[in-house]
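In: got a predicted structure here, sequence first:
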Amino acid sequence: MGRITDTVKTLIIINVIFFIGSGLLSTGYADALFALWFPKHPNFKFWQLLTHMFMHGGPTHILFNMFALYMFGSHIENALGQQRFLFLYFSAGIGAALLQLASNYYDFLPAYQQFISLGWTDDQIQQYLVEALNTGQFSLQEGISEDSIRNMITAFRVPMVGASGAIFGVVVAFAVLYPNLPLMLLFIPIPIKAKYLIGGYVALDLYAAIMGHNIIGPANTANWAHLGGALIGFIIIWYWKKNSFNDRRWS
């Protein structure tokens, strides 16, 4: 691979600074400020749509994300230029967050609407959820299934962190620009064309998002976020490739 570009290097440095800095703060403080919380959660702030991209859940999480950014990011920046690369990166990251939030709302709303139909106010529901998180238990409500309440609590309590959505946009852009370039998985020295390897990984994420369990990766992977980043990355790069290609870079 070629020399790492300054923009990719800067993104990696910022991610590492956030990772180290959040570890130095008191437990949960950085997550409360910078992770992306469900909009009805008391911790939610609008800036989290951006800052969650620089937060990570552990050493393995940031290692794999930064490795992928290192491997693919410079190629895409060299092809697009700095401004368009950053637009692609952050658009994919925000698109990932919005699709994941939409998935969380899908899990949250059935029980929420049933609580509303029982005469609960929004503040009462929020208090019920916060108490459930603080105590680790919740009271069942007549007419609302336990599974619906559990889904609502899970959507409410789990924040989103990581650059995966933004990086998926970059990786899918790579597959569109260089579909036949052979890539190899770590520890498996078999070259596979980018369009098949990256497309296959996206397909696994789609399966996991629909079926609710991962074939590869940890159980708490935000699959819809990966798919949102991949979709936005594909749409942007497809449009630019169709309308703005010249022999050297996208104008």
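Out: Cool, the structure landed.
In: just for the stretch 51-200 of the chain, where's the confidence low?
Out: 186-188 (pLDDT under 70).
In: which non-adjacent residue is nearest residue 132?
Out: The spatially closest residue to residue 132, leaving aside those adjacent along the chain, is residue 138, at 3.9 Å (Cβ to Cβ, 6 or more residues apart in numbering). Yep, even glycine has a C-beta here, placed from its N, CA and C like the rest.
In: and that neighbour, that's in a helix?
Out: No - Residue 138: not assigned to a helix; according to DSSP: H, G, I helix; E, B strand; the rest coil it is coil.
In: quick one: the helices in the stretch 1-150 of the chain, in order.
Out: Taking DSSP state H, counting those that start in this stretch as the criterion, the stretch 1-150 of the chain carries its helices at 6-24, 29-34, 48-51, 59-80, 82-117, 122-135, 146-157.
In: tell me the buried residues in the second one?
Out: This means helix 29-34. Neighbour counts over helix 29-34 (16 or more other Cβ atoms under 10 Å) mark 30-34 as buried.
In: what of the fifth one?
Out: Across helix 82-117, burial judged by 16+ other Cβ under 10 Å covers 84-85, 88-101, 103-104, 107-108, 110-112, 114-115.
In: packing partners for the one helix or strand residue 238 maps to?
Out: Using DSSP states H and E, residue 238 falls within helix 223-243. When contacts are defined as 3 or more Cβ pairs under 8 Å, 6 or more residues apart in numbering; DSSP states H and E, helix 223-243 sits against helix 82-117, helix 164-177, helix 194-211.
In: residue 205 and residue 24: what is the separation?
Out: Between residue 205 and residue 24 the computed distance is 32 Å (Cβ to Cβ, to the nearest Å).
In: to clarify, my last question referred to residue 8.
Out: Counting by Cβ to Cβ, the separation of residue 8 from residue 24 is 25 Å.
In: so between those two, which is more surrounded?
Out: Taking neighbours as other Cβ atoms under 10 Å, residue 8 and residue 24 compare with residue 8 leading, 25 against 8.
In: who's in contact with the more buried one?
Out: For residue 8, the contact set (Cβ atoms under 8 Å, 6 or more residues apart in numbering) comprises 69-70, 73-74, 77.
In: how about a markdown table for those residues, with distance to residue 192 and neighbour count added?
Out: Output for the contacts of residue 8, formatted as a markdown table (distance: Cβ to Cβ, whole Å; neighbours: other Cβ atoms under 10 Å):
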| residue | distance to residue 192 | neighbour count |
| --- | --- | --- |
| 69 | 20 | 23 |
| 70 | 20 | 15 |
| 73 | 20 | 26 |
| 74 | 21 | 20 |
| 77 | 24 | 24 |
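In: lovely, talk soon.
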